[in-house]
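*Asks:* Here is my input; please provide its structure:
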Amino acid sequence: MKRLIIMLVLLVGLVVSGKAIAMEAKSLCSEYNNNELRADSMYKGQRHAITGKVTSIGETILGTPYVVLDGCVQYLSDDPSDLLSLDQGDRITVNGIISSKTLSLILVYANKEEAASTCFINTLLK
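*Replies:* Here you go, the predicted structure:
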C-alpha cells in the first residue's frame, strides 16, 4: 500500500509539472492487459515518454506513419522523417499522448488533437 501511494504521488507530481511520465512499453502493455479500465483511468489523455524495442515500422491505411514498440504500443507520428532512421530491434523512447487500446495495440499520438479525435471515435464505436 505504501509503495502504491508513493507511485501515485510521483505520477501526480509529474503530470502537474507538465513533464512527460517515463515508462517502459512492456509495463504499459502489462497494465492494459491486466485491467484496461484501470489503465485508461491512469494513462488515457496524458503525455508519456515510452521506451521500448521497435518491432514494426510502417504507415496506416490513412497514411499516418507509425512505429510499434514491444509489439503492443503503436506510436503515430506527425512527421515521417522522425521514423526514417529507425530499424526493427532499435530501442527508442517516444513522447506522446496515450489515446486508447484497440484490438491488441495501445495507441499513442504525437499531438493532442489526434489523440482527442481518436478517443471520440473510439467512444462512438463502443
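
*Asks:* what's the helix or strand where residue 28 lies in contact with?
*Replies:* Here residue 28, judged by DSSP states H and E, is contained in helix 25-34. With contacts defined as Cβ atoms under 8 Å, 6 or more residues apart in numbering, helix 25-34 is touched by 38-39, 42-43, 48, 50-53, 69-73, 98, 101, 106. In this view, the C-beta of every residue, glycine as well, is placed from N, C-alpha and C.

*Asks:* just checking, which of those residues belong to helices?
*Replies:* 38, 39, 42, 43 (DSSP state H).

*Asks:* Quick check: closest non-adjacent residue to the residue nearest to the spatial centre of the chain.
*Replies:* A centroid search over the chain (Cα atoms, centre = their mean) returns residue 108, at 3.6 Å, as the residue closest to the centre. Spatial nearest neighbour of residue 108, excluding adjacent residues (Cβ to Cβ, 6 or more residues apart in numbering): residue 96 at 4.2 Å.

*Asks:* Repeat that for residue 71.
*Replies:* With sequence-adjacent residues excluded and distances taken as Cβ to Cβ, 6+ apart, residue 71 is closest to residue 55, at 4.7 Å.
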